[in-house]
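In: predicted model and sequence follow; I will ask about them next.
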Amino acid sequence: MKGDFSRVTFAVTKHFSRVLMQQGRVQLDADWNEQTAILLHYLRSLTADLIGPHAGPSENLGFEIIVDPARIKALPLSEKQKEQLNQTKLPIVIGKGHYYIDGILCENEHFLLFNAQPDYPLPKDKNLDAGTYLVYADVWERHITYLEDNSIREVALGGPDTATRARVLWQIKIEAAASGLNRAALEKQWPALINKWQPEHRRGTLKAQAKQGDKKSTDVCITSPESSYRGAENQLYRVEVHQGGENQQATFKWSRDNGSVVTGIELNGNELTVDSARGLAVGRWLELTNDGEELRGEVGTLVKIKKIDGDILSLDSADKPLPKVAVPVGEIWPTKARLWEADQKTITEKSNEWEVLVDGVQIQFQLQLPTQKNQYRTGDYWLIPVRVATGDVEWPGPAGDPEALPPQGVQHHFAPLAVLEMAGGAWKFIDDLRWKVEPQREAVK
């Protein structure tokens, strides 16, 4: 979540049940946000414990995968959907209803065409080879600001944003599979598929600390007097994977304010017209992107600010035009710019050298398993609170020997939906992989 937060305090292992406000005390965003996180963790854990990793109610079982032409023709589709259907060679329709994935409620209020998912903008139809395919759901939470949904702003305030939102997104995807795949076979293959999409032990780890002096304390309760965060303000640093890949291939970018400075833009050559230049500065970097790129998990384009004149920004591109970005037809790019401190840097895993960011804050990428290469995924991130009062970062572990932590997100959740077969230029339905749960009592009549 790239919001203007002081820090993120929720930790599963602390087993807190609620946050208790006290009279006459300062109110912090972190406390309110932790209360929400505690409640969400409880509700989603309870749901998953009761119904399993994925299932839906029998009376409103959602996300049926429909490929039969006769059934699709009989569905109550809108005129726009019928027009889209006529332009689709191999139509797949996603059924409406509810489904729970790792305890997260996924809702689909209308029948939807696979190639017209609102939260998964796709290019034109891809030519799929004959064979067996697994259809599955990919679920995650996206941070929503006024740029993504202007309705969350209160117009009576004259424009400023207040609170932001987190939104559950589901994306229905297709993966080539081995012939003969069915529910029984998938039970054995599913853990390996999840590990392929989101490696549990290969996502890399990060250490963070403030610059250490020559003398290091061995007492975990004592901060070394030579520790030195030299910034003038409390900050929430964000280290985020930019280009995914393995060690020496992946890159990262970072921000002192959790990547929360973002503005709507219009691009004209090497100049940007921004909705607001607040927080922007010459010499810092902007990531040009749009909703489509973010929803597809694609990286934005990083450019350096050369000059600021009111709401007009000149970009330092060495007198060359910005690279053209391939987006689906009809998609506008770019629509927003997010501020970062520097250009992307290559991720190098070292155990004895530190990457210096600024004001004494240092990070170190490390192998999670020495025998396997890490796989860094675009969008994965770590948050590092730094405080003036202590002159240090808030990070687990003793001074001089911080713990190596896996990414704090983005966490994806998956569920199998169906098996299809492509043969003779048409879809054939093989197996329904959804699970359903019956209500514990009948409705009162």
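Out: Received, thanks.

In: any idea how far the nearest residue to Gly292 once chain neighbours are set aside lies from Asp291?
Out: Here the nearest residue to Gly292 in space, its sequence neighbours aside, is Pro121; by C-beta to C-beta, 6 or more residues apart in numbering that works out to 4.5 Å. Placement of C-beta: from N, CA and C, glycine included. Look at Pro121 and Asp291: by C-beta to C-beta, to the nearest Å, they are 8 Å apart.

In: quick one: which of the two has more around it?
Out: Pro121 (20 against 17; other C-beta atoms under 10 Å).

In: for the more buried one, grab phi and psi.
Out: Dihedral pair for Pro121: phi -60, psi 120, per degrees, to the nearest 10.

In: contact partners for Thr335?
Out: Leu147, Gly264, Ile265, Thr289, Asn290, Asp291 (C-beta atoms under 8 Å, 6 or more residues apart in numbering).

In: quick one: the strands in the stretch 51-200 of the chain?
Out: For the stretch 51-200 of the chain, the strands defined by DSSP state E, counting those that start in this stretch occupy 54-57, 65-66, 93-94, 97-101, 104-108, 112-113, 131-144, 165-177.

In: nearest to Leu43, out of the ones you listed?
Out: With C-beta to C-beta, the closest approach to Leu43 among the strands of the stretch 51-200 of the chain belongs to strand 104-108: 9.1 Å.

In: rewinding a little: need the max-distance pair from the contacts of Thr335.
Out: So, the contacts of Thr335 by C-beta to C-beta: farthest apart are Ile265 and Asp291, at 13.2 Å.

In: so which of the strands of the stretch 51-200 of the chain is nearest Val388?
Out: In terms of C-beta to C-beta, the element of those nearest to Val388 is strand 131-144, at 26.5 Å.

In: by contact count, what packs against that closest one?
Out: With contacts taken as 3 or more C-beta pairs under 8 Å, 6 or more residues apart in numbering; DSSP states H and E, strand 131-144 sits against strand 97-101, strand 104-108, strand 165-177, helix 183-197, strand 413-423.

In: report the inter-axis angle for the last one versus strand 97-101.
Out: Okay, so that is strand 413-423. Angle, strand 413-423 to strand 97-101, by axes from the mean of the first three to the mean of the last three C-alpha atoms, to 10 degrees: 120 degrees.

In: what lies in contact with stretch 401-409?
Out: Identification of contacts with stretch 401-409 by C-beta under 8 Å, 6+ apart yields 1, 8, 203-209, 216, 241, 364, 366, 368, 377, 380-383, 395-397.

In: what residues of it count as buried?
Out: Pro402, Ala404, Leu405, Pro407, Gly409 (16 or more other C-beta atoms under 10 Å).

In: again, but for stretch 257-269
Out: In terms of neighbour count (16+ other C-beta under 10 Å), stretch 257-269 has its buried residues at Asp257, Asn258, Gly259, Ser260, Val261, Val262, Thr263, Ile265, Leu267.

In: sorry, back to before: turn the buried ones among the contacts of stretch 401-409 into a named ChimeraX selection, would you?
Out: ChimeraX command restricting the contacts of stretch 401-409 to the buried ones, with burial defined by 16+ other C-beta under 10 Å:
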select :1,8,203,204,205,206,207,208,209,241,364,368,377,380,381,382,383,395
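
In: looking at the contacts of stretch 401-409, which are in helices?
Out: Among the contacts of stretch 401-409, no residue falls in helices (DSSP state H).

In: the contacts of stretch 401-409 in strands, which ones?
Out: Thr205, Leu206, Lys207, Ala208, Gln209, Val241, Gln364, Gln366, Tyr381, Trp382, Leu383 (DSSP state E).

In: mean neighbour count for the helices and strands packed on strand 131-144 - can I get that in CSV?
Out: Listed next are these as CSV, based on neighbours: other C-beta atoms under 10 Å:
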stretch, mean neighbour count
strand 97-101, 22
strand 104-108, 17
strand 165-177, 17
helix 183-197, 13
strand 413-423, 21
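
In: could you count how many residues lie near Asn374?
Out: For Asn374, the number of neighbouring residues by other C-beta under 10 Å comes to 23.

In: for the nearest residue to it once chain neighbours are set aside, give me phi and psi.
Out: Sequence neighbours aside, Gly204 is the residue nearest to Asn374 in space, at 3.9 Å (criterion: C-beta to C-beta, 6+ apart). Per-residue torsions, Gly204: phi 80, psi 160 (degrees, to the nearest 10).

In: my guess is Gly204 contacts Glu349, does it?
Out: Yes - with contact defined as C-beta atoms under 8 Å, Gly204 counts as touching Glu349 (7.4 Å).

In: tell me, what's touching those two both at once?
Out: With C-beta under 8 Å, 6+ apart, Gly204 and Glu349 have common neighbours Asn247, Phe365, Gln366, Leu367, Asn374.

In: mind picking the lowest-pLDDT entry from these?
Out: Minimum pLDDT for the shared contacts of Gly204 and Glu349 is recorded at Leu367 (74).

In: residues in contact with that residue?
Out: Contacts for Leu367 (C-beta under 8 Å, 6+ apart) come out as Gly204, Thr205, Asn247, Glu349, Asn374.

In: and the gap between it and Thr301?
Out: Look at Leu367 and Thr301: by C-beta to C-beta, they are 30 Å apart.

In: are we agreed that His41 is in a helix?
Out: Yes - assessed with DSSP: H, G, I helix; E, B strand; the rest coil, His41 lies in a helix.

In: so what's the residue count around it?
Out: Using other C-beta under 10 Å, the number of residues around His41 comes to 14.

In: ok, now Phe365?
Out: Counted with other C-beta under 10 Å, residues neighbouring Phe365 total 23.

In: and of the contacts of Thr335, the nearest to Glu187?
Out: Nearest to Glu187 among those: Asp291, at 36.1 Å, using C-beta to C-beta.

In: quick one: the closest one from Ala137, how far?
Out: Distance, Asp291 to Ala137, by C-beta to C-beta: 20 Å.

In: domain ranges for this protein?
Out: 12-51, 54-198+412-437, 203-256+342-410, 259-340 (automatic domain parsing).

In: now the third one, how far from the chain's geometric center?
Out: When you say that, I think you mean domain 203-256+342-410. Taking C-alpha atoms, centre = their mean, to the nearest Å, the mean C-alpha location of domain 203-256+342-410 is offset from the chain mean by 20 Å.

In: so how far does it reach from one end to the other?
Out: Across domain 203-256+342-410, the terminal residues are separated by 11 Å (C-alpha to C-alpha, to the nearest Å).

In: stretch 195-205 - what's its average pLDDT?
Out: The average of the pLDDT scores along stretch 195-205 is 85.

In: ok, residues contacting it?
Out: Outside stretch 195-205, the residues touching it (C-beta under 8 Å, 6+ apart) are 138, 247, 347, 349, 365-369, 372-377, 380, 404-407, 411-412, 414.
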